[in-house]
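**Student:** just to be clear, the model below is a prediction. Sequence and coordinates:
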Amino acid sequence: MNTSVRMVTVSATYGAGGSVVAPRLAERLGLPFADRLLPAVDIEARARAGEHLTEEERGQTAKAGLLNRLAYVTGGLGMPVPTPVDLGEGVREQVEASIDALIKLGGAVLLGRAGSVVLADHPRVYHVRLDGPEQRRLEHAMAMEHIDEKTARDRLAETDRARARYVHRLYGRDIADLSLFHLALDTTVLDSQDAVGVIAEAAEAFWRRAPTG
């Protein structure tokens with residue numbers, strides 16, 4: 001095990017600002033940023049594209065969309081896109097391989113990918129959950145994405161459901177289970193800079209106490 005790893009996993013509900021906080025946290029900590037697999041916009045696009053498909057075809061469209069994003073990593077850590085089409089062990093293995101590659105490189109800030117489950121036992125990985133009351137998350141999403149409340153509400157329901165389903169299907173875990181996280185933060189009452197500061201300080205304190213080589 002690499003005992004000099006510095007890794008933060010970030011799980012965020014829709015409207016909690018994960019896509020803003022996580023990359024800024026990576027910059028603050030001097031770490032690469034690895035993106036999530038299920039962005040809200042992609043979920044909505046898949047739903048639109050599948051409106052006139054059969055159930056089986058919609059399932060295949062969702063699987064293909066997921067797999068096409070499995071290895072999307074920023075910060076110069078490009079990884080090959082996997083080829084399996086079954087949302088099962090093949091996908092799980094690909095996801096875990098992409099996470100293992102980040103560990104071997106010394107760490108990253110990882111958004112999504114069930115990182116808190118996959119790396120639950122790693123002593124140098126700090127797990128963070130971003131959330132907040134639904135109405136405040138809706139208001140944040142409306143402001144960030146310049147959308148109306150109905151659109152934001154639809155995206156919130158579909159996005160949160162899809163991400164929860166992904167974690168449960170691959171790992172049988174509830175992504176909202178706070179026992180998976182070291183820190184749970186209501187980011188609807190903090191701006192992104194303050195949220196990054198809180199997480200960065202907590203992560204640095206965690207690493208100071210974690211095992212080292």
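**Tutor:** Yep, that arrived. Bear in mind that the values here come from a model prediction, so they are computed numbers and not experimental data.

**Student:** for the protein, just list every one of the helices.
**Tutor:** 18-29, 40-49, 55-67, 89-104, 115-118, 134-145, 149-171, 192-209 (DSSP state H).

**Student:** of the ones you listed, which stretch is the most buried?
**Tutor:** helix 115-118 (a mean of 23; mean count of other Cβ atoms under 10 Å). The C-beta positions use only the backbone N, C-alpha and C, and glycine is treated the same way.

**Student:** where are the low-confidence patches of this structure?
**Tutor:** 1-3, 37-89, 213 (pLDDT under 70).

**Student:** before we move on, back to that, can you say which of the helices of the chain is nearest to S11?
**Tutor:** For the helices of the chain, proximity to S11 was assessed by Cβ to Cβ; helix 115-118 is nearest, at 5.8 Å.

**Student:** elements contacting the closest one?
**Tutor:** strand 7-12, helix 89-104, strand 125-131, helix 149-171 (3 or more Cβ pairs under 8 Å, 6 or more residues apart in numbering; DSSP states H and E).

**Student:** what's the residue nearest the centre of the chain sitting at in phi/psi?
**Tutor:** When Cα atoms, centre = their mean is applied to the chain, the residue found nearest the centroid is G112 (1.5 Å). G112 adopts backbone torsions of phi 80, psi -150, taken as degrees, to the nearest 10.

**Student:** hmm, it is touching S11, no?
**Tutor:** Yes - between G112 and S11 there is a contact under Cβ atoms under 8 Å: 6.8 Å.

**Student:** now R208: how far from V118?
**Tutor:** 24 Å (Cβ to Cβ, to the nearest Å).

**Student:** between G112 and S11, what contacts are shared?
**Tutor:** G18 (Cβ atoms under 8 Å, 6 or more residues apart in numbering).

**Student:** dump the helices and strands packed on helix 115-118 into CSV; add distance to E201 as well.
**Tutor:** Shown next, in CSV, are the helices and strands packed on helix 115-118 (distance: least, Cβ to Cβ, whole Å):
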stretch, distance to E201
strand 7-12, 12
helix 89-104, 22
strand 125-131, 11
helix 149-171, 27
